[in-house]
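Enquirer: Here is my input; please provide its structure:
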Amino acid sequence: MALNHNISAGGMLIAVSTQLEADAPVRVNFQMPPGDATQHIIEGRVLRIEENRDDPEGIWPYRVAVVFDEVDQELVPLSRKLPTASAL
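Expert: Residues are numbered from 1 along each chain as shown. Reported below is the predicted structural model:
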């Protein structure tokens with residue numbers, strides 16, 4: 001389980017509860033926009049992981065940058081319509 005911070009056609013920044021290793025393979029499953037019935041399932045890898053300074057002892061203590069294995073062209077127009085999230 002993760003909390004999305006931002007997304008593009010090539011990757012996403014998420015807050016997670018479990019520390020992951022850099023370069024670890026991941027598969028993300030999400031809906032966009034939130035509540036939409038369409039499930040996006042994309043494979044990628046952990047580009048970097050860092051402590052979430054805004055929630056170091058909360059339920060989302062890490063931020064993970066995920067780079068997708070392939071650019072998802074379906075996400076290009078969708079990601080442009082999303083509001084910008086505040087920093088985690």
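
Enquirer: Give me the longest strand you can find in this protein.
Expert: When the chain is parsed with DSSP state E, its longest strand is strand 39-51.

Enquirer: what's the offset of that one from the middle of its chain?
Expert: In terms of C-alpha atoms, centre = their mean, to the nearest Å, the centre of strand 39-51 is found 6 Å from the chain centre.

Enquirer: What is that strand packed up against?
Expert: strand 25-31, strand 62-68 (3 or more C-beta pairs under 8 Å, 6 or more residues apart in numbering; DSSP states H and E). Where you see a C-beta, it was placed from the backbone N, CA and C, and this is true even at glycine.

Enquirer: List the strands paired with it, with their directions.
Expert: Strand 39-51 pairs in its sheet with strand 25-31 (antiparallel), strand 62-68 (antiparallel), by DSSP bridges.

Enquirer: Let me have those strands in CSV, adding distance to G11 as columns.
Expert: CSV is the format used below for the strands paired with strand 39-51 (distance: least, C-beta to C-beta, whole Å):
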stretch, distance to G11
strand 25-31, 10
strand 62-68, 4
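
Enquirer: Please identify the deepest-packed of the helices and strands packed on strand 39-51.
Expert: Compared across the helices and strands packed on strand 39-51, strand 62-68 shows the largest average neighbour count, a mean of 20 (mean count of other C-beta atoms under 10 Å).

Enquirer: residues in contact with it?
Expert: Applying C-beta atoms under 8 Å, 6 or more residues apart in numbering, the external contacts of strand 62-68 come out as 2, 5, 9-20, 26, 28, 42-52, 88.

Enquirer: Now, of those, which are buried?
Expert: 2, 5, 9-16, 20, 26, 28, 42, 44-46, 49, 52, 88 (16 or more other C-beta atoms under 10 Å).
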